[in-house]
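model the following, please.
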Amino acid sequence: MGKRYRTIGGTIFDLSNYLLLGLVGIVSVLPFIYVIAGSFASDAELTKRAVFLIPETFTTSAYEFIFSTDTIIKSIWVSVYVTVVGTLVNLFFTVSMAYALSKRNLMGRNTVLNLIIFSMLFGGGLIPTYLVVRELHLLDTYWALMIPGAISAFNLIIVKNFFQELPPELEEAAKIDGCSELGLLWKIVLPLSMPVLATFTLFYAVGHWNNFFSALLYINDPSKWPLQVMLRQIVLLSQAAAGDINSMDPSFVKPPEQSIKMAVIVVGTIPILLVYPFLQKHFAKGVLIGSVKG
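Numbering: from 1, shown residues only. This is a model prediction of the structure:
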């Protein structure tokens, strides 16, 4: 093949794209780097310096305050448990219902789909939802953080559309070989659906990890608080301690209020960020597949 020559306009266009995307990347990353640096800085430095990427005085006092008891470790395990089990519950119900609704000959299919779309537009409200959770005796249980949102209507529709786009010849061939509906789903449909399943696994997992309001409503036992609620309590505690510093013992060391807030962001963000690289390759493909046809 002959040598490919680039025009001056094409070169300028590519360089402009690289420059623009590089600037966008820097603007996106710099705030998080500042938060990490601020979590290792003192309150005096945070007050004195508006923005910095490397602290002048390196200190771990914020993290020492956060991990001063084993409650934060337990809350991390609670969040991990709720995230893993809750995501499995989400996937089980979403995939089961989406596979059934992907069958065009299913009796009552259109009625069920209309009800699902209706639920996307209208909700029961906070108080009715709380009453349902209470009557089901789910208060102060981890199931209260998983069952009420077991199925996302939007995710369900995307997964259903993906299942509908699979070649019908595969289903026909499997049934000729004596495969049942459950075997068809487990052996053929799910292996072909890994991109979309990986994508919504990430969506559901991030939702459970960041879930704060549901735990605040339904969990009264502090030993069952997930990480997000526990981090909120730590921030409130640091603010209260900072406000009452004059009435405390002279030997009391004032917790670094501003750096604690930044350390809380780091502690709450890093674990779920570590999951993303394992699912990233499926992310864009999984979102686009299933959203083209209805």
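
can you map out the helices along the stretch 1-150 of the chain?
Residue ranges of the helices in the stretch 1-150 of the chain, as given by DSSP state H, counting those that start in this stretch, are 8-39, 43-48, 61-66, 71-101, 109-121, 126-135.

looking at those, which is buried most?
Of all these, helix 61-66 carries the top mean neighbour count, a mean of 20, counting by mean count of other Cβ atoms under 10 Å. Glycine gets a C-beta too; all of them are placed from N, C-alpha and C.

that one: how far from the chain's middle?
Here the centre of helix 61-66 is set off from its chain's centre by 25 Å, with Cα atoms, centre = their mean, to the nearest Å.

list the helices and strands that helix packs on?
For helix 61-66, the helices and strands in contact under the criterion 3 or more Cβ pairs under 8 Å, 6 or more residues apart in numbering; DSSP states H and E are helix 227-243, helix 257-273.

out of the ones you listed, which gets nearest to Asn105?
Nearest to Asn105 among these is helix 257-273 (40.4 Å), distances taken as Cβ to Cβ.

if we can go back for a sec, out of the helices and strands packed on helix 61-66, which gets nearest to Ala100?
Using Cβ to Cβ, the nearest of the helices and strands packed on helix 61-66 to Ala100 is helix 257-273, at 30.8 Å.

and the closest one, what's its mean pLDDT?
For helix 257-273, the mean per-residue pLDDT is 83.

buried set for that helix?
Residues 257-268, 272 are the ones in helix 257-273 that count as buried (16 or more other Cβ atoms under 10 Å).

burial measure for the residue nearest to Phe203 when sequence neighbours are not counted, as a count.
Nearest residue to Phe203, sequence neighbours excluded (Cβ to Cβ, 6 or more residues apart in numbering): Asn155, at 6.5 Å. Using other Cβ atoms under 10 Å, Asn155 has 20 neighbouring residues.

which SSE is Asn155 in?
Taking DSSP states H and E as the criterion, the element that holds Asn155 is helix 153-165.

how far off centre is the helix or strand following that helix?
Where DSSP H and E defines the elements, the next helix or strand beyond helix 153-165 is helix 168-176. Averaging C-alpha positions (Cα atoms, centre = their mean) puts helix 168-176 36 Å from its chain's average.

can you list contacts of the helix or strand just after helix 168-176?
Going down the chain from helix 168-176, the next helix or strand is helix 181-184, by DSSP H and E. The contact list for helix 181-184 (Cβ atoms under 8 Å, 6 or more residues apart in numbering) reads 171, 174-175.

go on, stretch 205-220?
79, 82-84, 86-87, 126, 130, 133, 138-140, 144-146, 148-149, 225-229, 232, 268, 271-272, 275.

quick check: buried residues in that stretch?
Within stretch 205-220, the residues that qualify as buried are 205-211, 214-215, 217-219, counting by 16+ other Cβ under 10 Å.

which of those residues sit farthest apart?
Largest separation among those by Cβ to Cβ: Ala205 and Leu217, giving 20.9 Å.

domain-wise, how is the chain divided?
Split into domains by automatic domain parsing, the chain comes to 1-59, 68-288.

name the residue closest to the centre of this structure, please.
Val206 (0.9 Å; Cα atoms, centre = their mean).

need the contact list for Val112.
Contacts for Val112 (Cβ under 8 Å, 6+ apart) come out as Leu101.

any idea how far Leu101 is from it?
Applying Cβ to Cβ, to the nearest Å, the value for Val112 to Leu101 is 6 Å.

ditto for Val189
13 Å.

still on that earlier bit, including distance to Leu237 and mean pLDDT, could the helices of the stretch 1-150 of the chain go into JSON lines?
Listed next are the helices of the stretch 1-150 of the chain as JSON lines, based on distance: least, Cβ to Cβ, whole Å; pLDDT from 0 to 100:
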{"stretch": "helix 8-39", "distance to Leu237": "17", "mean pLDDT": "88"}
{"stretch": "helix 43-48", "distance to Leu237": "16", "mean pLDDT": "81"}
{"stretch": "helix 61-66", "distance to Leu237": "9", "mean pLDDT": "84"}
{"stretch": "helix 71-101", "distance to Leu237": "11", "mean pLDDT": "92"}
{"stretch": "helix 109-121", "distance to Leu237": "39", "mean pLDDT": "90"}
{"stretch": "helix 126-135", "distance to Leu237": "27", "mean pLDDT": "91"}
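
and Ile54, which of those is closest to it?
Of all the helices of the stretch 1-150 of the chain, helix 8-39 comes closest under Cβ to Cβ, at 6.0 Å.

packing partners for the closest one?
Partner elements for helix 8-39 (3+ Cβ pairs under 8 Å, 6+ apart): helix 257-273.

which residues sit against the helix it packs on?
Outside helix 257-273, the residues within contact range by Cβ under 8 Å, 6+ apart are 32, 35-36, 38-43, 46-47, 59, 61-63, 65-66, 72, 76, 79-80, 83, 205-206, 209-210, 227-228, 231, 234-235, 238-239, 242.
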